[in-house]
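Q: This is the structure alone, sequence omitted:
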């Protein structure tokens, strides 16, 4: 957590008061919370009234996708359109809506660079215009960092509501809700240096969609539950801190150059497209990424793979598979992330251990 | 040393990993995912490798303070253990899958991978001991004979034994549970696993029938006369007496026992108890857990079941087969089981029984 966020949450945790209470303590909490809402709204280019606080990005995605689907279904629209590379927090609720709520799920393919195929999307929209309840495409991909053409999607969509999961993009690159023209957008605090357990759904003013949680009617009756003032205040504090986009992107580019020099057959996924500054997805042929993770962690380097199933078994990334990878090459890929606090010394350290890790990884991979 | 601790989610492997850390080794915990479609929860002592087991293993690793990973060995396990189990039954033999798992997964796939990654060996919670003497590193029974698992480890070669660490061999199970409690491991009172891990229902015959079919065939006496019918020859075991469903009584009223299973003709042969008596056995694919057995006839002990008695015998290797002759005849010995030779507490080697007389 950023220092500013830590200071803010610590101070707020020591104050009494439920922001929904009418007494003095409650009003004080309400004041801090609404200040936070306004500052987040300003940073993201929306109205304060359009910010709905949630307990996670996953929850915000669920509210948006399910709410917009149920609203559309009431008008006879049962199609949900998403990309093949969405985070599980969109993939799974969309699948659930198809399995349990009568939705028809259409997944749009992506190019080998990891960008949604706008031609396919255009065709689907023109063939099914009056049947589509919601389109949801992530702003940038969490595994490859590749940006998605959200403005073009909004134009193609016309009157169809578009939701975007912007959890990865927020603060890393310019992001403006109004300019994008989306109907709904998901944010998460811990991805921007805020605390865990707080997220937000930006949803157009005066739009009413069915709720997931019913109760006290907080957050426009779309998201009931006592407001988590300390985390919200810390979220806003984190948002105010500058993110060194250029410096991180330079570090990433030096990392790519080094990897290509020292491990010549390694390749970067989505390398030719606009990407987030801090995420690099690399395939190391002839390895298994879970082996590499273990060896890197032993060497004090934290990397990650796409995902694991509920039993914890590493699985081939659905994102890389959608980009044309085979199971084998997808399972030979790792994601490295650089952040605001990463330094050249960190990069030098990674490069001092990576070649040995890769060669051990290859020796251990007899499959 | 740098070691991989194989952690099943049970109490034994958790304490083994903790002891290895305490002995000063650098230890990384690994849970083997052996089923492609694991069940969510464990039911009593049945099965293993459920999602709950992997969580228990992870929690134990966190309490011990070591990194933890899950290795997907489902494909290797299916090919090397489950398929072998089915093929053996289909051929009329009685296999021991735990032995195959040690031979092909824990001390082969896992140990090979660990060594390639720069680790020195694999720690497991097996009840067995190793010793280093002029004979090299040798495999021995655990102090707790009731829990001793040296039988299922008897398929390990000298190279595999060199990479195996068994920290529990000098302690009884009761004390391991107490130790787990003292170490704050939540799995301290978790039930032991029994049965075959990949048959979670515990119904081996039903599991086999689902996969091998249940073709009806004759039950015949030693003269070849049909006296009954069976529903799948492989669900019978040599020496079995109950559940044969034969209505034709013997002349003297004595019970009948399964003597032989003939998979090709799908026939089960039954006969009198004394016909089960075996004095010599021949084993194929021998493995030596220390110095190789030669053609010189030696006196020792042979064990033919995981928790069976060690029986006095003489044994030798004829260049292809391991042969053992028992001092006293034994009743009902199934082919496919491992014959494990002991010299006192030391495991000499093992072979898969292919013929008995």
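A: Yep, that arrived. Everything numeric in this text was worked out from a predicted model, so none of it was measured. Numbers count the residues shown, from 1 in each chain, chains lettered A, B, ... in the order given.
Q: shaky segments in the stretch 201-350 of chain B?
A: Applying pLDDT under 70 to the stretch 201-350 of chain B picks out no residues at all.
Q: which SSE is residue A:349 in?
A: Element membership of residue A:349, judged by DSSP states H and E, is helix A:344-364.
Q: Residue B:230 touches residue B:263, doesn't it?
A: No. If you go by CB atoms under 8 Å, residue B:230 and residue B:263 don't touch, sitting 12.0 Å apart. (Glycine included, C-beta is placed from N, CA and C.)
Q: ok, now which ones touch residue A:120?
A: Applying CB atoms under 8 Å, 6 or more residues apart in numbering or on different chains to residue A:120 gives the contacts A:108, A:109.
Q: Which elements pack onto the longest helix anywhere in chain B?
A: Using DSSP state H, we find that the single longest helix of chain B is helix B:51-64. Other elements packing on helix B:51-64 under the criterion 3 or more CB pairs under 8 Å, 6 or more residues apart in numbering or on different chains; DSSP states H and E are helix B:11-22, strand B:26-33, strand B:68-72.
Q: Can you lay out the ones you listed as JSON lines showing mean pLDDT?
A: Output for the helices and strands packed on helix B:51-64, formatted as JSON lines (pLDDT from 0 to 100):
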{"stretch": "helix B:11-22", "mean pLDDT": "97"}
{"stretch": "strand B:26-33", "mean pLDDT": "95"}
{"stretch": "strand B:68-72", "mean pLDDT": "91"}
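Q: can the ones you listed go into JSON lines with extra columns for mean neighbour count and distance to chain A?
A: JSON lines is the format used below for the helices and strands packed on helix B:51-64 (neighbours: other CB atoms under 10 Å in any protein chain shown; distance: least, CB to the nearest CB, whole Å):
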{"stretch": "helix B:11-22", "mean neighbour count": "24", "distance to chain A": "15"}
{"stretch": "strand B:26-33", "mean neighbour count": "24", "distance to chain A": "5"}
{"stretch": "strand B:68-72", "mean neighbour count": "22", "distance to chain A": "4"}
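Q: do you know which of the ones you listed lies nearest residue A:336?
A: strand B:68-72 (18.4 Å; CB to CB).
Q: And the next helix or strand past that closest one?
A: Downstream of strand B:68-72 (by DSSP H and E), the next one is helix B:74-77.
Q: what's that next one in contact with?
A: A:313, A:367, B:32, B:33, B:34, B:35, B:36, B:101, B:104, B:105, B:109, B:198.
Q: switch the cut-off to 6 Å
A: By CB atoms under 6 Å, 6 or more residues apart in numbering or on different chains, the residues outside helix B:74-77 that reach it are B:33, B:34, B:35, B:36, B:105, B:109.
Q: Now do the buried residues in that helix.
A: B:74, B:76, B:77 (16 or more other CB atoms under 10 Å in any protein chain shown).
Q: from the middle of its chain, how far away would it be?
A: Chain-centre distance of helix B:74-77: 17 Å, with CA atoms, centre = their mean, to the nearest Å.
Q: So what does the residue in the stretch 251-357 of chain B that chain A sits nearest to have for phi and psi?
A: Nearest residue of the stretch 251-357 of chain B to chain A (CB to the nearest CB) works out as residue B:287 at 21.1 Å. Main-chain dihedrals, residue B:287, degrees, to the nearest 10: phi -130, psi 130.
Q: For residue B:14, which non-adjacent residue is spatially closest?
A: residue B:60 (3.9 Å; CB to CB, 6 or more residues apart in numbering or on different chains).
Q: Check the gap between the closest residue to residue B:319 other than its chain neighbours and residue B:316 for me.
A: Once flanking residues are discounted, residue B:319 sits nearest to residue B:295: 7.2 Å by CB to CB, 6+ apart. When distance is defined by CB to CB, to the nearest Å, residue B:295 is 6 Å away from residue B:316.
Q: Do you have the helices of the chain handy? List them.
A: Went with chain A since none was named. Along chain A, counting by DSSP H, helices occupy A:3-13, A:24-44, A:57-73, A:88-100, A:118-128, A:150-157, A:177-180, A:229-240, A:245-262, A:289-298, A:318-322, A:327-330, A:344-364.
Q: nope, chain B please
A: B:11-22, B:51-64, B:74-77, B:83-90, B:97-101, B:110-116, B:150-153, B:158-162, B:173-182, B:204-212.
Q: closest one to residue A:346 among the ones you listed?
A: So among these, helix B:51-64 is nearest, using CB to CB, at 25.9 Å.
Q: gap between the closest one and the chain center?
A: Its chain's C-alpha centre and that of helix B:51-64 lie 24 Å apart, by CA atoms, centre = their mean.
Q: Is residue B:299 bridged to anything, and to what?
A: On the basis of DSSP bridges, residue B:299 is bridged to residue B:314.
Q: pretty sure it contacts residue B:314?
A: Yes. With contact defined as CB atoms under 6 Å, residue B:299 reaches residue B:314; the gap is 5.4 Å.
Q: Quick check on those two: which one has the bigger neighbour count.
A: Neighbours were counted for residue B:299 and for residue B:314 using other CB atoms under 10 Å in any protein chain shown; residue B:314 has more, 15 against 10.
Q: Do you know the pLDDT at the nearest residue to residue A:45 once chain neighbours are set aside?
A: Leaving aside its sequence neighbours, residue A:45 sits nearest to residue A:176 (CB to CB, 6+ apart; 3.5 Å). On the pLDDT scale, residue A:176 is placed at 97.
Q: ok, now the one 4 residues further on?
A: Residue A:180 carries a pLDDT value of 97.
Q: now it: how far from chain B?
A: According to CB to the nearest CB, to the nearest Å, residue A:180 and chain B sit 39 Å apart.
Q: That residue: what's it in contact with?
A: Residues near residue A:180 by CB under 6 Å, 6+ apart: residue A:150.
Q: let's see 7 Å
A: By CB atoms under 7 Å, 6 or more residues apart in numbering or on different chains, residue A:180 lies in contact with A:150, A:151, A:154.
Q: and which of those is nearest chain B?
A: residue A:150 (35.9 Å).
Q: So for residue B:230 and residue B:263, which residue has more residues nearby?
A: Each of residue B:230 and residue B:263 has its neighbours counted (other CB under 10 Å); residue B:230 has more, 24 against 15.
Q: wait, isn't the more buried one in contact with residue B:219?
A: Yes. The criterion here is CB atoms under 7 Å, and residue B:230 meets it with residue B:219 at 5.3 Å.
Q: Now do the shared contacts for these two.
A: residue B:268.
Q: rewinding a little: nearest approach to residue B:309 belongs to which of the helices of chain B?
A: Between residue B:309 and the helices of chain B, the shortest gap by CB to CB is with helix B:150-153, which sits at 11.3 Å.
Q: List of residues touching that closest one?
A: For helix B:150-153, the external contacting residues (CB under 7 Å, 6+ apart) are B:96, B:98-99, B:102, B:126, B:128, B:139-142, B:303, B:306, B:340, B:347.
Q: got it, and stretch B:310-326?
A: Contacts of stretch B:310-326 (CB under 7 Å, 6+ apart): B:279-284, B:286, B:293-303, B:327, B:330, B:339, B:341-342, B:351.
Q: do the same with stretch A:210-219
A: With contacts defined as CB under 7 Å, 6+ apart, stretch A:210-219 is touched by A:20, A:52-53, A:62-63, A:66-67, A:70-71, A:221-225, A:227.
Q: got the residue ranges for the strands in the stretch 201-350 of chain B?
A: B:216-220, B:226-231, B:257-262, B:267-271, B:277-288, B:298-303, B:311-317, B:322-331, B:338-343, B:346-356 (DSSP state E, counting those that start in this stretch).
Q: Please identify the deepest-packed of those.
A: strand B:338-343 (a mean of 25; mean count of other CB atoms under 10 Å in any protein chain shown).
Q: Can you check what angle separates it from strand B:346-356?
A: Angle between the axes of strand B:338-343 and strand B:346-356 is 140 degrees (criterion: axes from the mean of the first three to the mean of the last three CA atoms, to 10 degrees).
Q: Done for today, thanks.
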